[in-house]
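Q: model this:
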Amino acid sequence: VLTGTGELWHQYILAFISGTISAVDTPARQAFVGELVPHEKMANAVALNATAFHTARLIGPASAGFFIDWWGIGPVFLIDAVMFMAPVIALALMRGDQLYPRTLVPRAPGQLRESVVYVHSRTDIRIILALIFVVSALGMNFQMTSALMATTVFGKAAGSFGILSTFMAVGSILGSTGAARRAPRLRIILMGAAFYGTAEILLALSPSYWWFALLSIPTGFGMLTMNTSASALVQTRTDPDKRGRVMALYSLVFLGATPIGSPLIGWVGTTFGARWSILVGGIASLGIALICGAWAMIHWKGRVVRRRSFPWVGIEADSSVDAPRRCVDPL
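A: Residues are numbered from 1 along each chain as shown. The predicted structure is shown next:
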């Protein structure tokens, strides 16, 4: 990139290597949060970690848009490469004797199948995975759709795309901060997804560039409310001995769905226009939120639900069981 000789196949190789590393790094990093804080503070730590992760995904493109406009693509790639040293140094400076190590689960055949069976037995986690898959596949291609809107619809340059990302980052910080202050609940995730889908639909109908920028704030708010709460709920309500494997499945759904849906959204944008690529994502996000909400209400309607303890994070939540206990709201 610095020499100006980069070709498309170089990008394909870079994307493949980056995706392969993320497949290992993401679930390990998320599970590692449980070793950084005492158990009673884990719920907040998980929410803050999700906040940092999702906010960075938006602030990064926003900053890159400005820097590309000023310096070009090559220096931005160089800055990105150098910044990877920051977490490496932070990890190297950690004091191992101050961590809160968890009991390691011995490797054994069938552990992946066991984690799949475990997820299948948890209706709340299945609902979250279904929701995240559809939204990630069709509704979270904002880097592509915002770039298309900025360049093809509003006739703006790379720096203007950075401004759009900045507005969305503002909403994302508000949403993630608000989600981090509350205990993760399924209803918050569903409401966040429905809000995000509605905001995307309005975003697609924006009459001007600045209306699009302003509507990016509630769009980012809904997206990070959903993402932060979903990640926190899955991590805090998963048994510690299965958390790493379950988060690997969650990461597979969250990160793997976007490449599946991106070609479809790209085709829609090329064939019907950039507005339709956002509109399809908004309709899909709102639709899956309503479907998952109905799924949850039908599943728990009239069923006996007891309070389930999660002592490793110091919270209690709800799960449906057959034992006749006090009925509570599972959402």
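Q: Would you map the helices across the stretch 51-200 of the chain?
A: Under the criterion DSSP state H, counting those that start in this stretch, the stretch 51-200 of the chain carries helices at the ranges 73-83, 85-93, 111-121, 123-134, 142-148, 158-180, 186-204.
Q: tell me which residues in the third one are buried?
A: Put plainly, it is helix 111-121. 115, 118-119 (16 or more other CB atoms under 10 Å). To be clear about C-beta, it is placed using only N, CA and C from the backbone, and glycine gets the same treatment.
Q: Make CSV out of those and add pLDDT and distance to Gly19.
A: Formatted as CSV, those follow (pLDDT from 0 to 100; distance: CB to CB, whole Å):
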residue, pLDDT, distance to Gly19
Ser115, 82, 21
Tyr118, 89, 26
Val119, 89, 22
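Q: Same list (those residues) but as CSV, adding distance to Leu36.
A: Below are the buried residues of helix 111-121 laid out as CSV (distance: CB to CB, whole Å):
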residue, distance to Leu36
Ser115, 23
Tyr118, 24
Val119, 25
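Q: quick one: low-confidence parts of the stretch 1-150 of the chain?
A: 1, 43, 54, 58, 62, 102-106, 108 (pLDDT under 70).
Q: scratch that, the stretch 201-331 of the chain
A: For the stretch 201-331 of the chain (pLDDT under 70), the answer is 302-331.
Q: do that again at 80, thanks
A: 240-241, 243-244, 301-331 (pLDDT under 80).
Q: Okay, helices next: where are they in it?
A: 209-236, 243-272, 274-300.
Q: Any buried residues in the last one, and which?
A: Buried residues in helix 274-300, counting neighbours by 16+ other CB under 10 Å, are found at 274-289, 292-293, 295-296, 300.
Q: Check which helices and strands that helix is in contact with.
A: With contacts defined as 3 or more CB pairs under 8 Å, 6 or more residues apart in numbering; DSSP states H and E, helix 274-300 has these neighbours: helix 123-134, helix 142-148, helix 186-204, helix 243-272.
Q: now the helices of the stretch 201-331 of the chain in a markdown table, with distance to Leu48?
A: Output for these, formatted as a markdown table (distance: least, CB to CB, whole Å):
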| stretch | distance to Leu48 |
| --- | --- |
| helix 209-236 | 9 |
| helix 243-272 | 16 |
| helix 274-300 | 25 |
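Q: Which of those sits closest to Gly162?
A: helix 209-236 (11.0 Å; CB to CB).
Q: just checking, what packs against that closest one?
A: Against helix 209-236 (3+ CB pairs under 8 Å, 6+ apart) you get helix 8-32, helix 42-71, helix 123-134, helix 142-148, helix 158-180, helix 186-204, helix 243-272.
Q: circling back: ok, which of the helices of the stretch 201-331 of the chain comes nearest Ala52?
A: helix 209-236 (9.8 Å).
Q: buried set for the closest one?
A: Those would be 209, 212-213, 215-236, for helix 209-236 by 16+ other CB under 10 Å.
Q: Buried deepest among the helices and strands packed on helix 274-300, which one?
A: Here the criterion is mean neighbour count by mean count of other CB atoms under 10 Å, and of the helices and strands packed on helix 274-300 the winner is helix 186-204, at a mean of 23.
Q: just to revisit the earlier point, may I see the helices of the stretch 51-200 of the chain organised as JSON lines, with distance to Tyr100 added?
A: What follows is those, written out as JSON lines (distance: least, CB to CB, whole Å):
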{"stretch": "helix 73-83", "distance to Tyr100": "28"}
{"stretch": "helix 85-93", "distance to Tyr100": "16"}
{"stretch": "helix 111-121", "distance to Tyr100": "23"}
{"stretch": "helix 123-134", "distance to Tyr100": "24"}
{"stretch": "helix 142-148", "distance to Tyr100": "36"}
{"stretch": "helix 158-180", "distance to Tyr100": "20"}
{"stretch": "helix 186-204", "distance to Tyr100": "27"}
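Q: ok so, going back, reformat the helices and strands packed on helix 209-236 as TSV; add distance to Gln98.
A: Below are those laid out as TSV (distance: least, CB to CB, whole Å):
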stretch	distance to Gln98
helix 8-32	14
helix 42-71	14
helix 123-134	31
helix 142-148	37
helix 158-180	23
helix 186-204	32
helix 243-272	21
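Q: Which of these sits closest to Leu2?
A: helix 42-71 (11.3 Å).
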